[in-house]
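Asks: here you go, sequence then predicted model.
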Amino acid sequence: MIESSRNKLSEWRIGTITYVDQKQIRFRAVSSDITDRLLWGKFRHINSLNQYLFAYLNTAVKVIFKVIAIAEYEKPYGHEASNRFLDDYVFSAIPLGAISSGGYSPGVVDIPMVGSDIYACDETELAVLFNCDERQSIGQLAGYRNIRPSLELDDLFGGHTAVLGNTGSGKSTTIRLLLSKIMRELVCQKQGIKNDALFVVFDLHGDYKNIAQNFESIDSGKVTYYDNKNYHLSPGELTIDDWSSILNPSQRIQKPLLERTIRYSFLTDQGMKKLYAALAYQALEDTNADSHASRRILISKYVDKLEKDINYPDSTDPNLKETFILNVPGSRTGEIRSPQSFKELFELYNLYYGNLPDGLQSTLQECFLNYLTPKFMDGSQPNINEILKDKDYSKDPSTISMEDIDRSLDFVFAEEEVRGNKQARSYSEGLVTQLYNLREKYSDNILSNSANTTSVSSILARKKGCVIFDVSEMPDSDGLKLFSNYVARYLFERNRQDDDYDKEPVYLIFDEAHRYIRQNDLTDDSIFNQIAREGRKFGVHLTIISQIPSELSKVVLSQTGAFIIHRIQNAIDLDYIKRNVPSITADQVSRLPSFAPGTAVVLGSAFQVPMELEIDGIYKDETPGVSMYKS
């Protein structure tokens with residue numbers, strides 16, 4: 001009986017509901033009811049906005065509200081003198097959920113009736129509402145010094161996450177705090193994050209190097225920081241989708257050429273010669289060439305690389321040795337030639353007054369077929385796909401260089417010319433220029449294929465721990481696009497093909513994501529949009545960090561379940577957030593420009609209650625501008 005009386009006395013009644021609709025309630029309160037006070041030995045204070053309140057729906061259920069607006073109540077003319085100095089206020093609040101014996105449940109079906117009393121939530125209700133646990137907290141509830149809501153790592157990273165905010169708003173400090181918690185779980189605790197979980201972080205400003213080194217010293221096998229000079233991408237391990245992410249080839253002309261270029265780059269020198277022979281054979285039968293002379297010039301590009309490898313006559317087939325009669329002026333029978341080498345044979349491949357020597361073309365083709373062997377034939381025609389698939393003629397992807405790509409592209413253009421497409425090169429000048437620029441910018445760094453650095457594929461093959469890539473010295477955004485696309489695709493494809501993906505979750509944390517996960521650069525089927533839609537099914541999760549959210553992919557944001565949004569002041573970004581962040585309200589957006597560094601709104605489908613947090617940390621600009629004054 002005493003405890004029941006105490007609970008009743010400890011409840012702070014502050015007003016009465018005067019208005020109810022589908023979205024909010026209003027209640028009136030007088031100044032004397034909302035001034036600070038002591039209740040049962042505890043100091044109590046009413047915040048202005050973001051105060052949490054409750055009203056009884058019945059004796060067992062409390063409906064929770066959050067204050068979103070306060071206005072002074074307009075006193076009627078002729079108000080009694082006794083009340084002339086009493087200030088009345090009108091509070092507007094939105095319903096969040098309900099507390100009952102089963103705990104807190106988000107969402108409200110029934111709202112208390114007009115005339116119901118409104119009470120200020122104390123630590124008892126707030127502890128239930130926010131499941132307070134110091135070990136899982138990253139900050140205190142704004143306006144409530146002793147309330148530290150739990151933000152479990154699984155809630156934050158169990159789906160896709162976005163950390164947004166302008167420069168100096170506290171994004172990097174927040175990420176450092178979260179990464180520290182992740183690394184501590186990976187390194188120091190026996191129970192917690194799954195043993196085979198992999199976190200991959202893109203560090204664009206060196207913000208996370210120090211915390212990584214702190215944990216590397218504890219267990220170097222679980223946290224590794226890769227300096228930008230310590231790793232490389234092997235061009236042979238890039239797919240057509242990786243190349244397309246920065247080259248943007250046209251679908252009808254350039255992309256098919258690029259795909260062939262990639263396939264041909266895998267051939268060894270001997271494999272390329274088999275390909276030359278196959279294409280030379282096909283060119284001999286091609287009637288698309290404008291003239292015999294132009295066809296001969298094109299075929300000679302292949303023959304020049306083969307003349308020392310093809311024998312004539314072939315000792316294994318004496319029937320190949322033939323004599324040919326040339327139509328020579330002044331001779332009734334013509335001039336008889338008996339070539340002794342393949343080079344001499346091909347020299348006869350000239351029109352002699354309108355004619356080729358009888359049997360010459362078929363003999364040349366027979367030479368090419370003998371060189372190819374039946375293994376690479378499909379009936380009477382060479383089978384180029386069999387050449388490309390043959391492991392004896394394939395390079396290891398890790399050994400392929402940008403020079404191999406260039407060589408293959410040049411060969412593809414020659415192949416198109418042999419087939420009669422003389423405009424392929426001119427139609428692809430942009431593609432050629434971009435590849436040339438890539439080679440010039442990246443052959444000595446990210447695409448160096450150096451034995452002195454570690455390939456990214458071997459780093460990612462580790463399948464667990466935390467890997468931080470320093471990408472601060474990438475020359476421009478093209479390198480970031482290529483690198484991020486490769487890493488995301490590699491890990492997504494790996495998990496999609498792995499039956500144990502649920503035991504090996506992957507978390508991709510992309511700093512400054514607006515530079516390479518841009519709405520204007522991504523096609524609908526880009527790897528980032530694919531992961532946004534399907535990644536969670538295969539244990540692949542995105543964390544997007546950005547100071548310019550209006551440039552981010554709309555698909556990625558629409559599929560994000562957890563948001564930590566710091567101060568944002570740009571009107572374009574605010575409007576973009578309002579339209580593309582699924583769970584945010586206009587009132588929450590309107591508060592973002594006034595946030596102090598370190599304050600953030602945390603919301604999304606991953607959380608039961610949206611909240612404003614003052615996130616732990618010392619907030620200062622880690623990358624300040626250079627002063628114009630002498631120190």
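Replies: Received the coordinates, thanks.

Asks: please count neighbours and contacts with C-alpha atoms only from this point.
Replies: OK.

Asks: tell me how far Arg591 lies from Thr585.
Replies: With distances taken as Cα to Cα, to the nearest Å, Arg591 is found 10 Å from Thr585.

Asks: which residues does Val303 contact?
Replies: Remark: with contacts taken as Cα atoms under 8 Å, 6 or more residues apart in numbering, Val303 is in contact with Tyr276, Ala277, Ala280.

Asks: out of the residues you listed, who's the most crowded?
Replies: Using other Cα atoms under 10 Å as the neighbour criterion, Ala277 leads those with 27 neighbours.

Asks: that one: what's it in contact with?
Replies: Contacts of Ala277 (Cα under 8 Å, 6+ apart): Tyr302, Val303, Leu306, Phe368, Leu369, Tyr371, Leu372.

Asks: need the buried ones from these selected in PyMOL.
Replies: Here is the PyMOL command that picks out the buried ones among the contacts of Ala277, judged by 16 or more other Cα atoms under 10 Å:
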select buried, resi 302+303+306+368+369+371+372
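
Asks: and the contacts of Ala277, which is closest to Leu284?
Replies: Among those, Phe368 lies closest to Leu284 (Cα to Cα), at 10.5 Å.

Asks: would that closest one count as being in a helix?
Replies: Yes: applying DSSP: H, G, I helix; E, B strand; the rest coil, one finds Phe368 inside a helix.

Asks: what's near enough to touch the residue positioned nearest the centre of the chain?
Replies: Residue closest to the average C-alpha location in the chain (Cα atoms, centre = their mean): Phe528, at 4.4 Å. Contacts of Phe528 were listed using Cα under 8 Å, 6+ apart, and they are Asn485, Ala488, Ile517, Val556.

Asks: next: Ile70.
Replies: Ser48, Leu49, Tyr89, Val90, Phe91, Ser92.

Asks: phi, psi for it please.
Replies: Main-chain dihedrals, Ile70, degrees, to the nearest 10: phi -140, psi 130.

Asks: circling back to that earlier point, so where does the residue nearest to the centre of the chain fall, helix or strand?
Replies: Assigned by DSSP states H and E, Phe528 belongs to helix 527-534.

Asks: touching the helix or strand following that helix from outside, list them.
Replies: For helix 527-534, the following helix or strand on the C-terminal side (DSSP H and E) is strand 540-546. Strand 540-546 has contacts (Cα under 8 Å, 6+ apart) with 157-166, 171, 491-492, 495, 505-514, 531-532, 535.

Asks: please narrow these to those residing in helices.
Replies: Secondary structure defined by DSSP state H assigns Phe157, Lys171, Leu491, Phe492, Asn495, Ile531, Ala532 of the contacts of strand 540-546 to helices.

Asks: out of the residues you listed, which is most surrounded?
Replies: Neighbour counts for the ones in helices among the contacts of strand 540-546 (other Cα under 10 Å) peak at Lys171, which has 27 neighbours.

Asks: I figured that one hits Leu164, correct?
Replies: Yes: contact criterion Cα atoms under 8 Å: Lys171 and Leu164 qualify, at 6.8 Å.

Asks: on that earlier part again, with distance to Leu151 and neighbour count added, can I get the contacts of Phe528 in a markdown table?
Replies: Below are the contacts of Phe528 laid out as a markdown table (distance: Cα to Cα, whole Å; neighbours: other Cα atoms under 10 Å):
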| residue | distance to Leu151 | neighbour count |
| --- | --- | --- |
| Asn485 | 30 | 23 |
| Ala488 | 26 | 22 |
| Ile517 | 26 | 26 |
| Val556 | 22 | 24 |
